[in-house]
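**Q** Okay, here's the prediction I keep looking at, along with the sequence it came from:
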Amino acid sequence: MAYDPNNIFAKILRGEIPCSMVYEDDHTLAFHDINPQTAVHVLVIPKGPYQSWDDFSTNANDVEIAALIRAVGKIARELGVAEEGYRVLSNIGEFGGQEVPHLHIHLFGGQKLGRMIKPA
Ligand code: AMP
């Protein structure tokens, strides 16, 4: 399946809809989730057109991959959640529960997070 350039995060990247930005570099953008699940809930995305972690880990170059991974750590430190701990998560595809088809890393923190996965 081809990347859908009309997904909501592609529109954010093009500046067509606003976001509450927390970080940007040449390869990565991060913004607050519009419907936060925890005290801190940020989405970290690559600027390139990657649908998912599966697509990104296959097709992104090493610079893009390093940029995303380093950005997640940097953002956590800048938001002040690194010392007490936080969680990163990416939903991939239908079984993973992915809703927006542009890779995004959820960064949750600012509180105790409890069980990793709640039974459905
Ligand atoms: P996922 O289910 O992993 O695809 O997560 C999609 C996430 O995107 C959800 O947590 C939504 O709340 C979030 N989201 C959807 N639209 C926006 C938006 N315009 N700005 C920020 N976050 C959004």
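**A** Done, it's in.
**Q** got the buried residues for the lengthiest helix in the chain?
**A** Scanning the chain for the helix with the most residues, using DSSP state H, yields helix 62-79. Judged by neighbour count (16 or more other CB atoms under 10 Å), helix 62-79 contains these buried residues: Glu64, Ala67, Leu68, Ala71, Val72, Lys74, Ile75, Ala76, Leu79. Any C-beta I mention is one placed from the backbone N, CA and C, and that applies to glycine too.
**Q** check contacts around Pro101.
**A** Tyr3, Asp4, Asn7, Gln51, Ser52 (CB atoms under 8 Å, 6 or more residues apart in numbering).
**Q** For this protein, which residues are neighbours of the ligand?
**A** Residues of the chain that fall close to the ligand, judged by CB under 6 Å from any ligand atom: Ile8, Cys19, Phe31, Asp33, Ile34, Asn35, Leu43, Asn91, Gly97, Gln98, Glu99, Val100.
**Q** at 8 Å instead, please
**A** Contact residues (CB under 8 Å from any ligand atom) of the chain with the ligand: 8-9, 12, 17, 19-20, 31-37, 41, 43, 89-91, 96-101, 104, 106.
**Q** any chance of the contacts of Pro101 in JSON lines, plus pLDDT?
**A** Formatted as JSON lines, the contacts of Pro101 follow (pLDDT from 0 to 100):
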{"residue": "Tyr3", "pLDDT": "97"}
{"residue": "Asp4", "pLDDT": "97"}
{"residue": "Asn7", "pLDDT": "98"}
{"residue": "Gln51", "pLDDT": "98"}
{"residue": "Ser52", "pLDDT": "98"}
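**Q** mind putting these in CSV, distance to Glu24 included?
**A** Listed next are the contacts of Pro101 as CSV, based on distance: CB to CB, whole Å:
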residue, distance to Glu24
Tyr3, 21
Asp4, 22
Asn7, 19
Gln51, 21
Ser52, 21
